[in-house]
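Trainee: Just a sequence and a predicted model for now, questions to come.
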Amino acid sequence: MSSFASHILPTLDSLGVWSYWIVALAALLEGWWVTGVVIPGTVVVDAGGALVRLGHLDFFDLVWFVAAGAILGGEASWHSGRWLGARVTLPRNAAFRRAEELVGRRGPLALLLGRFLGPVASLAALAAALSGMDRRRFHTWNAVSGIVYALVHVSMGYVAGDIVARIAPYLPRLALPLAVIALLVLVTWAVTRQARRGAPALLAG
């Protein structure tokens, strides 16, 4: 595992506490509807969970950073939605209509469910603000959803990192650079997919 970490993650030790802030910022940007349509924050959070398994980050510290970022992203969506909703007509794309329907059917529970529904994640809080959801109810469920999101995705990343750490010693040397290339391709695909989905709504906004 140490050999794997030294090849794949050579700069993590020098980042130190900044690793937590970077992952938290990604969670925040995905939770805010303005940037959430193009920022694949969940991919970064899952990667942070893998770093916990590889020994570079602490599990509970990362969970609290991610939860704080996710909660702040939801709050940013709520307040900007309340402010803009009374002044401009916001774009109603397919993802936003899904978020509105989810809020209409599930109420505040939509804030929790929306965290795990891709493009809807950054729009559920916005839809809640525009639907007139009670402020106290929103703040409570936004906090709960942020904590659950952090626990689930950091744990998922930890499991993925554990699988990689277990199979790495049995892989030939050539597999390590191939794994890096595959990871870069995956991240590039995720960013491109998010950008293609979110660009029309972002430009319209």
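Mentor: Structure's in. What do you need?
Trainee: which secondary structure elements does the helix or strand hosting W83 contact?
Mentor: Assigned by DSSP states H and E, W83 falls within helix 59-85. Applying 3 or more CB pairs under 8 Å, 6 or more residues apart in numbering; DSSP states H and E, we find helix 59-85 packed against helix 18-31, helix 33-36, helix 41-53, helix 124-131, helix 135-167. The C-beta positions use only the backbone N, C-alpha and C, and glycine is treated the same way.
Trainee: Kindly recompute the last result at 6 Å.
Mentor: helix 18-31, helix 41-53, helix 124-131, helix 135-167 (3 or more CB pairs under 6 Å, 6 or more residues apart in numbering; DSSP states H and E).
Trainee: and the last one, what's its mean pLDDT?
Mentor: Regarding helix 135-167, the rounded mean pLDDT is 86.
Trainee: Also the second one?
Mentor: For helix 41-53, mean pLDDT rounds to 84.
Trainee: now swap in the first one and tell me
Mentor: Confidence for helix 18-31, expressed as mean pLDDT, is 88.
Trainee: List the buried residues for the helix holding W83?
Mentor: 62-78, 80-82, 84 (16 or more other CB atoms under 10 Å).
Trainee: picking up where we left off before, any idea which of the helices and strands packed on helix 59-85 gets closest to A99?
Mentor: helix 124-131 (4.1 Å; CB to CB).
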